[in-house]
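# only geometry, no sequence info:
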(Lines give C-alpha, C1' and ligand atoms only; values in the text may rest on other atoms or scores of the structure.)
Protein backbone atom coordinates (compact mmCIF):
# COMPACT_ATOMS: atom_id res chain seq x y z
CA UNK A 1 0.00 0.00 0.00
CA UNK A 2 2.83 2.39 0.86
CA UNK A 3 4.50 1.75 -2.52
CA UNK A 4 1.19 2.40 -4.26
CA UNK A 5 0.77 5.72 -2.43
CA UNK A 6 4.29 6.78 -3.38
CA UNK A 7 3.65 6.00 -7.06
CA UNK A 8 0.34 7.90 -6.99
CA UNK A 9 2.03 10.90 -5.36
CA UNK A 10 4.82 10.80 -7.95
CA UNK A 11 2.29 10.62 -10.80
CA UNK A 12 0.42 13.64 -9.41
CA UNK A 13 3.67 15.58 -9.02
CA UNK A 14 4.74 14.75 -12.59
CA UNK A 15 1.37 15.89 -13.91
CA UNK A 16 1.62 19.12 -11.92
CA UNK A 17 5.17 19.79 -13.12
CA UNK A 18 4.17 19.10 -16.71
CA UNK A 19 1.73 22.01 -16.59
CA UNK A 20 3.83 24.41 -14.50
CA UNK A 21 4.64 27.70 -16.24
CA UNK A 22 6.16 30.76 -14.65
CA UNK A 23 7.79 34.08 -15.43
CA UNK A 24 11.50 33.32 -15.17
CA UNK A 25 12.84 36.82 -15.75
CA UNK A 26 12.35 40.10 -17.60
CA UNK A 27 15.09 41.38 -19.91
CA UNK A 28 15.47 45.12 -20.59
CA UNK A 29 15.80 45.86 -24.31
CA UNK A 30 15.38 48.90 -26.57
CA UNK A 31 12.30 51.07 -27.07
CA UNK A 32 9.10 49.48 -28.38
CA UNK A 33 10.25 45.90 -29.02
CA UNK A 34 8.07 44.56 -31.83
CA UNK A 35 9.59 41.41 -33.35
CA UNK A 36 11.55 38.40 -32.09
CA UNK A 37 13.39 35.45 -33.62
CA UNK A 38 15.56 32.63 -32.25
CA UNK A 39 18.85 31.48 -33.73
CA UNK A 40 19.16 27.80 -32.78
CA UNK A 41 22.75 27.49 -34.06
CA UNK A 42 24.11 29.96 -31.50
CA UNK A 43 21.16 29.83 -29.09
CA UNK A 44 20.51 33.57 -29.31
CA UNK A 45 17.27 35.55 -29.32
CA UNK A 46 17.07 38.68 -31.45
CA UNK A 47 14.66 41.49 -30.57
CA UNK A 48 13.88 44.30 -33.03
CA UNK A 49 13.22 47.57 -31.19
CA UNK A 50 10.96 49.78 -33.29
CA UNK A 51 11.44 52.94 -31.23
CA UNK A 52 15.21 52.89 -30.75
CA UNK A 53 16.32 51.62 -34.18
CA UNK A 54 18.33 48.70 -32.88
CA UNK A 55 18.31 44.95 -32.25
CA UNK A 56 19.00 43.46 -28.82
CA UNK A 57 20.78 40.09 -28.75
CA UNK A 58 19.88 37.88 -25.76
CA UNK A 59 21.85 34.78 -24.74
CA UNK A 60 19.43 31.84 -24.82
CA UNK A 61 21.22 29.99 -22.03
CA UNK A 62 21.68 32.82 -19.52
CA UNK A 63 19.01 35.39 -20.51
CA UNK A 64 21.70 38.08 -20.40
CA UNK A 65 22.06 40.73 -23.12
CA UNK A 66 25.06 39.96 -25.32
CA UNK A 67 25.02 43.12 -27.37
CA UNK A 68 22.87 45.77 -29.05
CA UNK A 69 23.15 46.25 -32.82
CA UNK A 70 22.30 49.56 -34.51
CA UNK A 71 20.09 48.97 -37.55
CA UNK A 72 17.87 51.11 -39.77
CA UNK A 73 14.86 53.25 -38.89
CA UNK A 74 11.87 51.49 -37.26
CA UNK A 75 12.88 47.81 -37.48
CA UNK A 76 9.62 45.93 -37.92
CA UNK A 77 10.42 42.25 -38.55
CA UNK A 78 13.16 39.64 -38.29
CA UNK A 79 13.84 36.25 -39.83
CA UNK A 80 16.71 33.79 -39.44
CA UNK A 81 18.37 31.93 -42.30
CA UNK A 82 19.73 28.70 -40.79
CA UNK A 83 21.68 27.78 -43.95
CA UNK A 84 23.97 30.81 -43.67
CA UNK A 85 23.32 31.64 -40.00
CA UNK A 86 22.18 35.17 -40.78
CA UNK A 87 19.42 37.32 -39.34
CA UNK A 88 17.50 39.63 -41.68
CA UNK A 89 16.05 42.82 -40.21
CA UNK A 90 13.40 44.78 -42.15
CA UNK A 91 13.63 48.50 -41.41
CA UNK A 92 10.25 50.04 -42.13
CA UNK A 93 11.35 53.67 -41.91
CA UNK A 94 14.52 53.45 -44.00
CA UNK A 95 13.28 51.11 -46.74
CA UNK A 96 16.06 48.59 -46.36
CA UNK A 97 17.08 45.26 -44.85
CA UNK A 98 20.15 44.87 -42.69
CA UNK A 99 21.76 41.43 -42.59
CA UNK A 100 23.35 40.39 -39.29
CA UNK A 101 25.97 37.64 -39.06
CA UNK A 102 24.72 35.14 -36.48
CA UNK A 103 28.23 34.20 -35.37
CA UNK A 104 29.64 37.70 -34.84
CA UNK A 105 26.41 39.70 -34.34
CA UNK A 106 27.74 42.35 -36.70
CA UNK A 107 25.98 43.83 -39.74
CA UNK A 108 27.25 42.19 -42.94
CA UNK A 109 25.44 44.32 -45.48
CA UNK A 110 22.43 46.54 -46.16
CA UNK A 111 20.01 45.95 -49.04
CA UNK A 112 17.62 48.56 -50.43
CA UNK A 113 14.09 47.19 -50.87
CA UNK A 114 10.64 48.67 -51.51
CA UNK A 115 8.73 51.29 -49.54
CA UNK A 116 7.99 50.38 -45.93
CA UNK A 117 9.32 46.81 -45.64
CA UNK A 118 6.86 45.19 -43.26
CA UNK A 119 7.37 41.45 -42.94
CA UNK A 120 9.85 38.73 -43.94
CA UNK A 121 9.91 34.99 -44.60
CA UNK A 122 12.57 32.51 -45.67
CA UNK A 123 12.33 29.81 -48.33
CA UNK A 124 14.81 27.15 -47.21
CA UNK A 125 14.48 25.08 -50.41
CA UNK A 126 15.85 27.81 -52.65
CA UNK A 127 17.51 29.88 -49.91
CA UNK A 128 15.54 33.02 -50.68
CA UNK A 129 14.23 35.72 -48.38
CA UNK A 130 10.97 37.46 -49.21
CA UNK A 131 10.19 40.98 -48.00
CA UNK A 132 6.65 42.37 -48.27
CA UNK A 133 6.77 46.14 -48.76
CA UNK A 134 3.60 47.62 -47.28
CA UNK A 135 3.68 50.99 -49.01
CA UNK A 136 5.22 49.69 -52.23
CA UNK A 137 2.60 47.02 -53.00
CA UNK A 138 5.33 44.57 -53.89
CA UNK A 139 7.58 41.80 -52.58
CA UNK A 140 11.36 41.93 -52.82
CA UNK A 141 13.03 38.55 -53.41
CA UNK A 142 16.58 38.24 -52.03
CA UNK A 143 19.15 35.54 -52.79
CA UNK A 144 20.23 34.10 -49.43
CA UNK A 145 23.62 33.00 -50.77
CA UNK A 146 24.70 36.36 -52.23
CA UNK A 147 22.42 38.70 -50.25
CA UNK A 148 21.48 40.47 -53.48
CA UNK A 149 18.04 41.34 -54.86
CA UNK A 150 16.83 38.81 -57.43
CA UNK A 151 13.61 40.56 -58.42
CA UNK A 152 10.63 42.55 -57.20
CA UNK A 153 7.15 41.05 -57.56
CA UNK A 154 4.10 43.33 -57.82
CA UNK A 155 1.29 42.12 -55.54
CA UNK A 156 -1.89 43.63 -54.09
CA UNK A 157 -2.39 46.73 -51.97
CA UNK A 158 -0.57 46.90 -48.62
CA UNK A 159 1.08 43.46 -48.36
CA UNK A 160 1.38 42.73 -44.64
CA UNK A 161 1.90 39.00 -44.07
CA UNK A 162 3.83 36.15 -45.70
CA UNK A 163 4.07 32.40 -45.29
CA UNK A 164 6.00 29.75 -47.21
CA UNK A 165 4.61 26.34 -48.20
CA UNK A 166 7.51 23.88 -48.43
CA UNK A 167 5.38 21.17 -50.08
CA UNK A 168 4.54 23.20 -53.18
CA UNK A 169 7.40 25.69 -52.73
CA UNK A 170 5.11 28.70 -52.92
CA UNK A 171 4.97 31.94 -50.95
CA UNK A 172 1.58 33.31 -49.90
CA UNK A 173 1.36 37.10 -49.57
CA UNK A 174 -1.58 38.71 -47.77
CA UNK A 175 -2.68 42.08 -49.17
CA UNK A 176 -4.65 43.98 -46.53
CA UNK A 177 -6.31 46.71 -48.59
CA UNK A 178 -7.18 44.57 -51.61
CA UNK A 179 -8.66 41.71 -49.56
CA UNK A 180 -6.70 38.99 -51.31
CA UNK A 181 -3.67 36.69 -51.17
CA UNK A 182 -1.07 36.62 -53.95
CA UNK A 183 0.63 33.25 -54.48
CA UNK A 184 4.24 33.38 -55.72
CA UNK A 185 6.12 30.44 -57.22
CA UNK A 186 9.26 29.78 -55.16
CA UNK A 187 11.35 28.74 -58.18
CA UNK A 188 10.37 31.21 -60.91
CA UNK A 189 9.32 34.12 -58.62
CA UNK A 190 6.29 34.58 -60.85
CA UNK A 191 2.70 34.93 -59.64
CA UNK A 192 0.71 31.72 -59.86
CA UNK A 193 -2.65 33.21 -58.92
CA UNK A 194 -4.48 35.60 -56.60
CA UNK A 195 -7.16 34.37 -54.18
CA UNK A 196 -9.92 36.59 -52.78
CA UNK A 197 -10.33 36.36 -48.99
CA UNK A 198 -12.33 38.24 -46.34
CA UNK A 199 -12.32 41.90 -45.38
CA UNK A 200 -9.03 43.33 -44.10
CA UNK A 201 -6.96 40.14 -43.90
CA UNK A 202 -4.49 40.27 -41.01
CA UNK A 203 -2.19 37.25 -40.94
CA UNK A 204 -1.50 33.78 -42.39
CA UNK A 205 -0.44 30.35 -41.21
CA UNK A 206 0.26 27.10 -43.05
CA UNK A 207 -0.99 23.65 -41.99
CA UNK A 208 1.46 21.17 -43.53
CA UNK A 209 -0.53 18.08 -42.49
CA UNK A 210 -3.58 19.10 -44.51
CA UNK A 211 -1.62 21.40 -46.84
CA UNK A 212 -3.85 24.42 -46.25
CA UNK A 213 -3.21 28.11 -45.64
CA UNK A 214 -5.39 29.94 -43.12
CA UNK A 215 -6.04 33.68 -43.40
CA UNK A 216 -7.60 35.68 -40.55
CA UNK A 217 -9.83 38.52 -41.74
CA UNK A 218 -10.02 41.40 -39.27
CA UNK A 219 -13.19 43.21 -40.35
CA UNK A 220 -15.28 40.26 -41.55
CA UNK A 221 -14.48 38.26 -38.38
CA UNK A 222 -13.72 35.02 -40.16
CA UNK A 223 -10.88 32.81 -41.35
CA UNK A 224 -10.47 31.89 -45.02
CA UNK A 225 -9.12 28.39 -45.69
CA UNK A 226 -7.11 27.94 -48.91
CA UNK A 227 -6.43 24.46 -50.34
CA UNK A 228 -2.78 24.60 -51.38
CA UNK A 229 -3.15 21.78 -53.90
CA UNK A 230 -5.56 23.86 -55.99
CA UNK A 231 -4.92 27.33 -54.50
CA UNK A 232 -8.65 27.81 -54.11
CA UNK A 233 -10.83 28.74 -51.15
CA UNK A 234 -12.46 25.63 -49.64
CA UNK A 235 -14.01 27.10 -46.48
CA UNK A 236 -14.75 30.26 -44.54
CA UNK A 237 -14.87 29.80 -40.77
CA UNK A 238 -16.76 32.30 -38.59
CA UNK A 239 -14.71 33.21 -35.51
CA UNK A 240 -14.79 35.91 -32.82
CA UNK A 241 -14.55 39.67 -33.25
CA UNK A 242 -11.54 41.09 -35.10
CA UNK A 243 -9.40 37.94 -35.55
CA UNK A 244 -5.68 38.68 -35.59
CA UNK A 245 -2.99 36.13 -34.66
CA UNK A 246 -2.96 32.54 -35.95
CA UNK A 247 -0.87 29.49 -35.12
CA UNK A 248 -0.99 25.80 -36.00
CA UNK A 249 -0.63 22.85 -33.63
CA UNK A 250 0.90 20.04 -35.73
CA UNK A 251 0.53 17.40 -33.01
CA UNK A 252 -3.27 17.63 -32.92
CA UNK A 253 -3.78 19.36 -36.30
CA UNK A 254 -5.57 22.40 -34.90
CA UNK A 255 -5.46 26.06 -35.90
CA UNK A 256 -5.79 28.70 -33.17
CA UNK A 257 -7.17 32.18 -33.93
CA UNK A 258 -6.84 35.10 -31.48
CA UNK A 259 -9.92 37.33 -31.58
CA UNK A 260 -8.95 40.84 -30.48
CA UNK A 261 -12.42 42.26 -29.86
CA UNK A 262 -14.12 39.25 -28.24
CA UNK A 263 -11.23 38.33 -25.90
CA UNK A 264 -11.10 34.70 -26.89
CA UNK A 265 -9.33 32.14 -29.07
CA UNK A 266 -11.20 30.05 -31.63
CA UNK A 267 -9.89 26.49 -32.09
CA UNK A 268 -10.37 25.19 -35.64
CA UNK A 269 -10.09 21.50 -36.53
CA UNK A 270 -7.41 21.26 -39.23
CA UNK A 271 -9.01 18.24 -40.90
CA UNK A 272 -12.64 19.42 -41.08
CA UNK A 273 -12.19 23.22 -40.83
CA UNK A 274 -14.96 23.31 -38.26
CA UNK A 275 -14.77 25.07 -34.89
CA UNK A 276 -13.87 22.68 -32.07
CA UNK A 277 -14.25 25.18 -29.23
CA UNK A 278 -13.67 28.75 -28.07
CA UNK A 279 -11.28 29.55 -25.21
CA UNK A 280 -11.67 32.70 -23.10
CA UNK A 281 -8.35 34.55 -22.66
CA UNK A 282 -7.23 38.05 -21.61
CA UNK A 283 -8.17 41.44 -23.05
CA UNK A 284 -7.31 42.15 -26.68
CA UNK A 285 -5.52 38.90 -27.63
CA UNK A 286 -2.95 39.82 -30.25
CA UNK A 287 -0.38 37.10 -30.94
CA UNK A 288 -0.11 33.30 -30.66
CA UNK A 289 2.66 30.73 -30.48
CA UNK A 290 2.62 26.92 -30.34
CA UNK A 291 5.32 25.10 -28.36
CA UNK A 292 5.92 21.69 -29.94
CA UNK A 293 7.88 20.39 -26.93
CA UNK A 294 5.02 20.65 -24.45
CA UNK A 295 2.08 20.96 -26.86
CA UNK A 296 0.91 24.25 -25.38
CA UNK A 297 -0.43 27.37 -27.08
CA UNK A 298 0.63 30.79 -25.77
CA UNK A 299 -1.68 33.78 -26.30
CA UNK A 300 -0.42 37.34 -25.70
CA UNK A 301 -3.18 39.72 -24.66
CA UNK A 302 -2.26 43.32 -25.47
CA UNK A 303 -4.92 44.89 -23.24
CA UNK A 304 -4.46 42.85 -20.04
CA UNK A 305 -0.66 42.54 -20.22
CA UNK A 306 -0.59 38.78 -19.80
CA UNK A 307 -0.06 35.48 -21.58
CA UNK A 308 -2.70 32.76 -21.44
CA UNK A 309 -1.31 29.22 -21.75
CA UNK A 310 -3.65 26.65 -23.34
CA UNK A 311 -3.29 22.87 -23.29
CA UNK A 312 -2.97 21.64 -26.89
CA UNK A 313 -4.84 18.39 -26.19
CA UNK A 314 -7.79 19.57 -24.10
CA UNK A 315 -7.88 23.23 -25.23
CA UNK A 316 -8.36 24.25 -21.61
CA UNK A 317 -6.53 27.14 -19.95
CA UNK A 318 -3.61 25.91 -17.84
CA UNK A 319 -2.61 29.26 -16.37
CA UNK A 320 -2.18 32.97 -17.08
CA UNK A 321 1.23 34.61 -16.65
CA UNK A 322 1.45 38.37 -16.06
CA UNK A 323 4.01 40.12 -18.28
CA UNK A 324 4.60 43.81 -19.00
CA UNK A 325 2.82 46.43 -21.09
CA UNK A 326 1.34 45.46 -24.46
CA UNK A 327 2.79 42.03 -25.32
CA UNK A 328 2.86 41.76 -29.10
CA UNK A 329 5.18 39.00 -30.35
CA UNK A 330 6.68 35.64 -29.40
CA UNK A 331 9.58 33.36 -30.15
CA UNK A 332 10.48 30.00 -28.67
CA UNK A 333 13.84 28.56 -27.61
CA UNK A 334 13.47 24.77 -27.77
CA UNK A 335 16.82 24.04 -26.08
CA UNK A 336 15.90 25.62 -22.74
CA UNK A 337 12.17 25.46 -23.55
CA UNK A 338 11.76 29.17 -22.96
CA UNK A 339 9.07 31.35 -24.51
CA UNK A 340 10.03 34.99 -25.11
CA UNK A 341 7.44 37.77 -25.18
CA UNK A 342 8.10 41.26 -26.58
CA UNK A 343 6.36 43.96 -24.48
CA UNK A 344 5.91 46.89 -26.84
CA UNK A 345 5.35 49.67 -24.32
CA UNK A 346 7.67 48.44 -21.56
CA UNK A 347 10.93 48.14 -23.50
CA UNK A 348 11.32 44.62 -22.20
CA UNK A 349 11.15 40.92 -23.07
CA UNK A 350 9.44 38.55 -20.65
CA UNK A 351 10.81 35.00 -20.42
CA UNK A 352 8.33 32.24 -19.59
CA UNK A 353 9.68 28.88 -18.49
CA UNK A 354 8.26 25.37 -18.48
CA UNK A 355 9.30 23.45 -15.35
CA UNK A 356 9.46 19.88 -16.60
CA UNK A 357 10.87 20.28 -20.08
CA UNK A 358 13.62 22.87 -19.64
CA UNK A 359 17.06 21.29 -19.78
CA UNK A 360 17.99 22.72 -16.39
CA UNK A 361 15.06 21.04 -14.66
CA UNK A 362 15.76 17.38 -15.37
CA UNK A 363 14.03 15.08 -12.87
CA UNK A 364 16.27 13.20 -10.45
CA UNK A 365 13.82 10.45 -9.48
CA UNK A 366 14.98 6.86 -9.83
CA UNK A 367 13.30 6.34 -13.19
CA UNK A 368 15.05 5.02 -16.28
CA UNK A 369 14.68 7.93 -18.67
CA UNK A 370 14.58 7.62 -22.45
CA UNK A 371 17.75 8.27 -24.40
CA UNK A 372 18.34 9.54 -27.92
CA UNK A 373 21.73 9.38 -29.64
CA UNK A 374 22.37 10.83 -33.11
CA UNK A 375 25.37 10.03 -35.30
CA UNK A 376 26.93 11.40 -37.37
CA UNK A 377 25.87 14.93 -36.45
CA UNK A 378 26.19 16.96 -38.69
CA UNK A 379 25.25 14.50 -41.44
CA UNK A 380 25.12 14.53 -45.23
CA UNK A 381 23.47 11.40 -46.67
CA UNK A 382 22.11 9.40 -43.76
CA UNK A 383 21.88 9.77 -40.00
CA UNK A 384 21.48 7.07 -37.34
CA UNK A 385 18.99 7.90 -34.58
CA UNK A 386 19.49 5.45 -31.76
CA UNK A 387 17.06 5.38 -28.86
CA UNK A 388 16.19 3.34 -25.80
CA UNK A 389 12.95 3.67 -23.88
CA UNK A 390 13.64 1.09 -21.19
CA UNK A 391 10.13 0.77 -19.79
CA UNK A 392 6.48 0.80 -20.69
CA UNK A 393 4.41 -1.09 -23.22
CA UNK A 394 2.94 1.79 -25.22
CA UNK A 395 4.04 2.93 -28.65
CA UNK A 396 5.91 6.22 -28.75
CA UNK A 397 6.51 8.76 -31.50
CA UNK A 398 9.75 10.16 -32.85
CA UNK A 399 9.29 13.32 -34.94
CA UNK A 400 11.65 15.54 -36.91
CA UNK A 401 10.90 19.27 -37.26
CA UNK A 402 12.68 21.99 -39.20
CA UNK A 403 13.93 25.21 -37.59
CA UNK A 404 10.59 26.91 -38.28
CA UNK A 405 8.75 24.30 -36.20
CA UNK A 406 7.23 22.45 -39.15
CA UNK A 407 6.93 18.68 -39.01
CA UNK A 408 8.93 17.05 -41.82
CA UNK A 409 8.93 13.38 -40.78
CA UNK A 410 7.63 11.14 -38.01
CA UNK A 411 8.11 7.52 -36.94
CA UNK A 412 5.88 5.35 -34.73
CA UNK A 413 8.01 3.11 -32.50
CA UNK A 414 6.27 -0.06 -31.35
CA UNK A 415 6.88 -1.75 -27.97
CA UNK A 416 8.82 -4.62 -29.53
CA UNK A 417 11.31 -2.17 -31.01
CA UNK A 418 11.86 0.19 -28.09
CA UNK A 419 15.61 -0.30 -28.19
CA UNK A 420 16.73 0.14 -31.77
CA UNK A 421 18.15 2.51 -34.39
CA UNK A 422 16.33 4.41 -37.13
CA UNK A 423 17.98 5.60 -40.33
CA UNK A 424 16.90 8.91 -41.87
CA UNK A 425 18.06 10.11 -45.28
CA UNK A 426 17.11 13.76 -44.94
CA UNK A 427 13.86 13.56 -46.88
CA UNK A 428 10.37 14.50 -45.71
CA UNK A 429 7.20 12.38 -45.57
CA UNK A 430 6.66 12.88 -49.33
CA UNK A 431 10.23 11.72 -50.07
CA UNK A 432 11.41 15.21 -51.02
CA UNK A 433 15.03 16.02 -50.28
CA UNK A 434 15.26 18.62 -47.52
CA UNK A 435 17.72 21.53 -47.63
CA UNK A 436 20.70 22.13 -45.38
CA UNK A 437 19.82 23.51 -41.99
CA UNK A 438 18.99 22.87 -38.37
CA UNK A 439 16.40 20.20 -37.50
CA UNK A 440 15.04 18.93 -34.20
CA UNK A 441 14.51 15.29 -33.27
CA UNK A 442 11.66 15.00 -30.74
CA UNK A 443 10.97 11.76 -28.86
CA UNK A 444 7.49 11.71 -27.26
CA UNK A 445 6.91 9.16 -24.51
CA UNK A 446 4.12 8.82 -21.99
CA UNK A 447 6.10 10.62 -19.28
CA UNK A 448 8.36 13.13 -20.99
CA UNK A 449 9.69 14.59 -24.22
CA UNK A 450 13.33 14.52 -25.31
CA UNK A 451 14.67 17.06 -27.84
CA UNK A 452 17.96 16.79 -29.74
CA UNK A 453 19.34 19.17 -32.37
CA UNK A 454 20.41 17.77 -35.74
CA UNK A 455 22.39 19.54 -38.48
CA UNK A 456 21.93 18.56 -42.14
CA UNK A 457 24.66 19.67 -44.58
CA UNK A 458 24.12 19.09 -48.31
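The structure has been received and is ready for your questions. The shown structure was predicted, so the numbers you read here are calculated from the model rather than taken from an experiment.
# okay, now the domains of the chain?
Annotated domains of the chain cover 20-355, 363-456 [automatic domain parsing].
# and residue 268, that one's in a strand?
Yes. Assignment of residue 268 by DSSP: H, G, I helix; E, B strand; the rest coil places it within a strand.
# give the contact list for the closest residue to it other than its chain neighbours.
In space, and not counting its chain neighbours, residue 268 is closest to residue 255: 4.3 Å by C-beta to C-beta, 6 or more residues apart in numbering. Placement of C-beta: from N, CA and C, glycine included. By C-beta atoms under 8 Å, 6 or more residues apart in numbering, the contact set of residue 255 is 205, 207, 214, 223, 246, 247, 248, 249, 267, 268, 270.
# In JSON lines, list these along with secondary structure.
Formatted as JSON lines, the contacts of residue 255 follow (three-state DSSP):
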{"residue": "205", "secondary structure": "strand"}
{"residue": "207", "secondary structure": "strand"}
{"residue": "214", "secondary structure": "strand"}
{"residue": "223", "secondary structure": "strand"}
{"residue": "246", "secondary structure": "strand"}
{"residue": "247", "secondary structure": "strand"}
{"residue": "248", "secondary structure": "strand"}
{"residue": "249", "secondary structure": "strand"}
{"residue": "267", "secondary structure": "strand"}
{"residue": "268", "secondary structure": "strand"}
{"residue": "270", "secondary structure": "coil"}
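# Which members of the residues you listed are the farthest-apart pair?
223 and 249 (14.9 Å; C-beta to C-beta).
# More neighbours: which of the two?
Using other C-beta atoms under 10 Å as the criterion, residue 223 and residue 249 rank with residue 223 on top: 27 against 24.
# what about the more buried one, distance to residue 300?
Distance, residue 223 to residue 300, by C-beta to C-beta, to the nearest Å: 19 Å.
# pLDDT below threshold where in the stretch 1-150 of the chain?
Where the stretch 1-150 of the chain drops to pLDDT under 70, the residues are 1-20.
# ranges for the strands of it?
Ranges of strands in the stretch 1-150 of the chain, per DSSP state E, counting those that start in this stretch, are 21-28, 33-39, 44-49, 54-59, 65-70, 75-81, 86-91, 96-101, 107-112, 117-123, 128-133, 138-143, 148-154.
# do you know which of those lies nearest residue 316?
Nearest of those to residue 316, taken as C-beta to C-beta: strand 21-28 at 13.7 Å.
# contacts for that closest one?
Strand 21-28 has contacts (C-beta under 8 Å, 6+ apart) with 56, 58, 63-65, 296, 309, 318-319, 321-324, 338, 347-355.
# partner strands of that strand, parallel or antiparallel?
strand 348-354 (antiparallel) (DSSP bridges).
# Tell me who's in contact with the closest residue to residue 280 other than its chain neighbours.
Spatially, and ignoring its direct neighbours in sequence, residue 280 is nearest to residue 264 (5.2 Å; C-beta to C-beta, 6+ apart). By C-beta under 8 Å, 6+ apart, residue 264 lies in contact with 240, 278, 279, 280, 281, 285.
# The strands of the stretch 1-150 of the chain into TSV, with extra columns for distance to residue 181 and mean neighbour count?
TSV is the format used below for the strands of the stretch 1-150 of the chain (distance: least, C-beta to C-beta, whole Å; neighbours: other C-beta atoms under 10 Å):
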stretch	distance to residue 181	mean neighbour count
strand 21-28	34	16
strand 33-39	22	24
strand 44-49	25	26
strand 54-59	29	22
strand 65-70	33	15
strand 75-81	18	25
strand 86-91	20	25
strand 96-101	23	21
strand 107-112	25	14
strand 117-123	13	25
strand 128-133	11	25
strand 138-143	12	22
strand 148-154	13	15
